[in-house]
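Enquirer: I need the structure of the sequence given here:
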Amino acid sequence: MSTARTFDQYLEGTGLVAAEALKNARLLQQQQPTPLPTLLIRLGALSEEVLYQEMSRYSGMPIISDEALHAAQTGFATTLTRLGLQTSWCQTQGVILWQEGEVLHCAGKEAIKANVLEVLRLKVPAELRLQHWLVRPSTFEAFFAAQERREPKAAMTGDVMHLRELAEEGPIIELVNTMLSQAVTRRASDIHIEPGEYEFTVRLRIDGVMQDLTQMPLDKFDATVCRIKILSQLDIAERRLPQDGRMTARVNSEVFDVRVSIIPSAMGESVVMRLLRQDRKPYHLEDLGMMSDHSELFRQWIKSPNGIVLVTGPTGSGKTTTLYTALDIGNDGLNKIITVEDPVEYRLKGITQLQVNADIGFTFASALRSILRHDPDVVLIGEIRDQETAAIAVQSALTGHLVFSTLHTNSAAGAVTRLVDMGIEPFLLSSSLKGVMAQRLVRCLCEHCAAPAEIDQETHRVLLEGVKHWRDKLVEQPRLRRPVGCPHCMQTGFTGRIAIYELFDVDSTLQHQILTHASEVDIVDKLRQRNIRSLRDDGLLKVWQGITTVEEVLSLAGT
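Expert: The predicted structure follows:
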């Protein structure tokens, strides 16, 4: 940047602006505090485009495009809230601020004033890097006009400021802290805050089942949601669009990542907070519920040099936990492991984890294309959602990579037909697919209160039919139990959950079925001929061992 000459002198030296025009602009500037470039444009001395090109050359600052500034609309309001600044201050100072990752962008109509830089020095965290831009006056005005359309009216702004004050007061802070503390104490995975007509309800998801925690007066609802938005660095003024954020909370000496999702509903904003422990200890396959034959086969897949391993099941069936356990086992320091997830749930030491962002075009498919240039040995794809992702996963497996991923299907056999339906060539799939697993989570009986169970003849028949092929694995007599309820399990009779599995590898028979476009029913028939244990039968083995109940298994894997 030039220090010998002012911008006025620089312009004069270019010959683009007549000395008389500059003189007139300076006289006008004495009468009204308007940036010189704006006045030169108003006087017609220079076009906006030419003037700002020269200003960019003089200052070394790039010009922000209209498209880039339009994309910053949402981030602007959030950034001002985080820094404690007002929209009116930005308009007066001629700057636009928005944060992207570790960068704070500052776009100004001219060189940033010293007083603005001083405010930013005091307000902006030290870890943020400041990036300066030039913004054309027309773009600047259009930006704030759009902000006026997006932001609440003056009365609404007053309401938002009042809500912010309430959210910073002791009762609301204590209310949110108590929610988090009780959720952790009760082993909840999620907190749900749901508005009603006269009150709002706080519910917890414990072992996959929703339970009411408390009901609160509706007059505390807006301030409670505002408090959660502040902690999650979300826009407290935005109530019409869904928002996603996250925060870190220390509860009962444990540190949690809390994923926050807020959506507008007919009665108001509905909030869900998912609790994820930061200090997750590595699992063992046996901890998850795998029996010896399943864990032996799964370990073989983990040690494979290449191929695709798929885990199927509905949302909340523990697929991610199983795959993280596989990575823990395979992370021996000898392999390069990269994951692509949406979102990253837990941080894994020694593993490169990427989070997709569809808003900027960073999808599973685009991420996969990039990470293959990083020479990974093992790749985890959070979910195969489309043909492009599936095709890249298959190609990765065929070129010497071990690929783990999930697929939303109701059965393990359904994963095979789903990939073919997606457009994967059968001959490629049959060559690349290593193994498929389906899983569900069933609740475990409380060890403090479970009592011996007596079952009727029909239930006894179902149980014996389910375990008949694997009785040799059950050396003990049946240990059938039923839930009772005690303080340890909060009177539910269950504490924690365990997975039930169906696993099969791809043998020559299945490869032939893939090549001949066999139906899911035909694939299942062949699997049963191979004595591949179904989800239902695996669950009934756990009933035999006294881990869960017949009703619990049949409700999740009835066939």
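
Enquirer: Near the spatially closest residue to I500 that is not a sequence neighbour, how many residues? Count them for me, please.
Expert: For I500, ignoring the flanking residues on the chain, the nearest one in space by CB to CB, 6 or more residues apart in numbering is G539 at 4.1 Å. Every residue, glycine included, has its C-beta placed from N, CA and C. When counting by other CB atoms under 10 Å, one arrives at 30 neighbours for G539.

Enquirer: and if you look at the one 3 residues further on?
Expert: Around K542 sit 21 other residues, with neighbours defined as other CB under 10 Å.

Enquirer: residues making contact with the one helix or strand the residue nearest to I500 maps to?
Expert: Counting by DSSP states H and E, the element that carries G539 is helix 535-544. Residues outside helix 535-544 that contact it (CB atoms under 8 Å, 6 or more residues apart in numbering): 289, 291, 294, 411, 438-440, 442, 462-463, 466-467, 469-470, 473-474, 478-480, 498, 500-502, 533, 548-550, 552-554, 556-559.

Enquirer: residues touching V260, list them.
Expert: I228, S232, L234, D244, G245, R246, M247, V271, V272, M273.

Enquirer: Which helix or strand contains it?
Expert: Going by DSSP H and E, V260 is part of strand 254-265.

Enquirer: which is the next helix or strand following that strand?
Expert: For strand 254-265, the succeeding helix or strand toward the C-terminus, using DSSP H and E, is strand 268-277.

Enquirer: Just list the residues touching the residue most central in space within the chain, thanks.
Expert: By CA atoms, centre = their mean, the chain has its centre lying nearest to P343, at 2.9 Å. P343 sits next to R259, Q355 when contact means CB under 8 Å, 6+ apart.

Enquirer: so I308 sits in a strand?
Expert: Yes: assigned with DSSP: H, G, I helix; E, B strand; the rest coil, I308 falls within a strand.

Enquirer: my guess is it meets S431, correct?
Expert: No: here I308 does not reach S431: they are 10.1 Å apart, not a contact under CB atoms under 8 Å.

Enquirer: Does L285 touch D293 like I think?
Expert: No: with contact defined as CB under 8 Å, L285 does not reach D293; the gap is 11.4 Å.

Enquirer: From N410, how far out is the closest residue to M290 other than its chain neighbours?
Expert: Distances taken as CB to CB, 6+ apart place Y501 nearest to M290, at 6.1 Å, with adjacent residues excluded. Using CB to CB, to the nearest Å, one gets 15 Å for the distance from Y501 to N410.

Enquirer: Those two: who's more crowded?
Expert: The residue with more neighbours, out of Y501 and N410, is Y501; 27 against 15, by other CB under 10 Å.

Enquirer: which helix is the longest one in the chain?
Expert: Longest helix of the chain, by residue count under DSSP state H: helix 170-185.

Enquirer: Quick check: what element follows that one along the chain?
Expert: Next in line after helix 170-185, if elements are assigned by DSSP H and E, sits strand 188-195.

Enquirer: Which other helices and strands does that following strand contact?
Expert: Counting contacts by 3 or more CB pairs under 8 Å, 6 or more residues apart in numbering; DSSP states H and E, strand 188-195 is packed against helix 170-185, strand 199-206, helix 221-231, strand 268-277.
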